[in-house]
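# Sequence isn't available, so here's the structure alone:
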């Protein structure tokens with residue numbers, strides 16, 4: 001049963017966002033849709049929305065206890081999250097610890113190479129343009145952020161990375177890279193928004209050497225490896241055992 005909510009404000013590939021009776025709060029519904037390659041690949045996976053909502057809620061609670069400002073308020077039902085309303089910054093912030101994915105396609109760096117320090121990439125959120133990689137100067141040229149805001153976002157992203165690496169290492173998992181979205185609250189405070197889940201993170205099992213078997217994230221769907229829900233479920237199982 002859906003919780004009581006107002007009008008639909010936005011529907012994306014993986015979530016729907018609704019008004020509430022509080023103008024500063026939103027209800028976020030996590031869908032079962034799985035997409036890749038700008039939604040050119042699409043499927044329905046039963047239980048995916050529930051798992052991503054529960055995983056994201058657990059991670060947001062953990063980050064909140066560590067002092068990271070996020071939009072998370074509460075997990076309402078299996079697939080529903082109550083969140084602070086933010087003005088979303090139209091950037092995807094990708095933090096990389098280990099080389100994989102597009103970094104290896106676009107550079108000679110070998111997949112699985114541990115980076116000497118975290119790499120932060122900005123991507124412009126625009127499906128029509130294919131979410132292009134932006135340099136800092138292009139971010140400034142487009143008027144998306146000021147220099148001081150770029151520094152603030154980078155500082156917060158590295159803070160999140162530090163805590164997430166610790167979180168996942170405690171579960172015998174490696175945080176390869178992850179995508180963040182951020183927004184500004186009514187008071188202008190920068191908050192981590194959207195979700196943090198196997199949809200937005202590359203997560204590898206530390207104890208498995210096989211390059212395919214160790215994957216517990218959306219790459220199982222992207223690369224037709226099968227076992228997508230098994231991978232997500234294993235991440236949730238470990239989180240639930242450690243933090244329930």
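Cool, the structure landed. Values in this document were obtained by computation on a predicted structure and should not be read as measured data. Numbering: from 1, shown residues only.
# what residues are up against residue 218?
Contacts for residue 218 (CB atoms under 8 Å, 6 or more residues apart in numbering) come out as 34, 36, 198-200, 228. The C-beta positions use only the backbone N, C-alpha and C, and glycine is treated the same way.
# tell me which element residue 120 is part of?
In this assignment (DSSP states H and E), residue 120 forms part of strand 114-124.
# hey, which helix is longest across the protein?
helix 147-169 (DSSP state H).
# ok and that one relative to strand 114-124, angle-wise?
130 degrees (axes from the mean of the first three to the mean of the last three CA atoms, to 10 degrees).
# what comes up buried for helix 147-169?
149-150, 153-154, 156-157, 159-161, 163-165, 167-168 (16 or more other CB atoms under 10 Å).
# what would the residues you listed look like in JSON lines with pLDDT and distance to residue 216?
Putting the buried residues of helix 147-169 into JSON lines (pLDDT from 0 to 100; distance: CB to CB, whole Å) gives the following:
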{"residue": "149", "pLDDT": "97", "distance to residue 216": "33"}
{"residue": "150", "pLDDT": "98", "distance to residue 216": "32"}
{"residue": "153", "pLDDT": "98", "distance to residue 216": "27"}
{"residue": "154", "pLDDT": "98", "distance to residue 216": "27"}
{"residue": "156", "pLDDT": "98", "distance to residue 216": "25"}
{"residue": "157", "pLDDT": "98", "distance to residue 216": "22"}
{"residue": "159", "pLDDT": "98", "distance to residue 216": "24"}
{"residue": "160", "pLDDT": "98", "distance to residue 216": "19"}
{"residue": "161", "pLDDT": "98", "distance to residue 216": "18"}
{"residue": "163", "pLDDT": "98", "distance to residue 216": "19"}
{"residue": "164", "pLDDT": "98", "distance to residue 216": "14"}
{"residue": "165", "pLDDT": "98", "distance to residue 216": "15"}
{"residue": "167", "pLDDT": "98", "distance to residue 216": "14"}
{"residue": "168", "pLDDT": "98", "distance to residue 216": "10"}
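# Using the record's assignment, carve the protein into domains.
Residue ranges for the domains of the chain, per automatic domain parsing: 8-84, 87-227.
# Quick check: which of those domains is nearest to residue 239?
domain 8-84 (5.0 Å; CB to CB).
# and the closest residue to residue 206 other than its chain neighbours, what does it touch?
Setting aside the residues directly before and after it, residue 206 is nearest to residue 172 in space (CB to CB, 6 or more residues apart in numbering), at 4.9 Å. Contacts for residue 172 (CB under 8 Å, 6+ apart) come out as 205-207, 238.
# In helices, which of those fall?
residue 238.
# all strands for this structure, in order.
Along the chain, the stretches classed as strands by DSSP state E are 8-11, 15-19, 25-30, 33-36, 41-44, 72-77, 80-84, 87-88, 91-98, 114-124, 133-134, 173-184, 190-193, 201-205.
# want to try CSV for those strands, with mean pLDDT as columns?
What follows is the strands of the chain, written out as CSV (pLDDT from 0 to 100):
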stretch, mean pLDDT
strand 8-11, 95
strand 15-19, 97
strand 25-30, 98
strand 33-36, 93
strand 41-44, 93
strand 72-77, 95
strand 80-84, 98
strand 87-88, 96
strand 91-98, 98
strand 114-124, 98
strand 133-134, 98
strand 173-184, 98
strand 190-193, 98
strand 201-205, 98
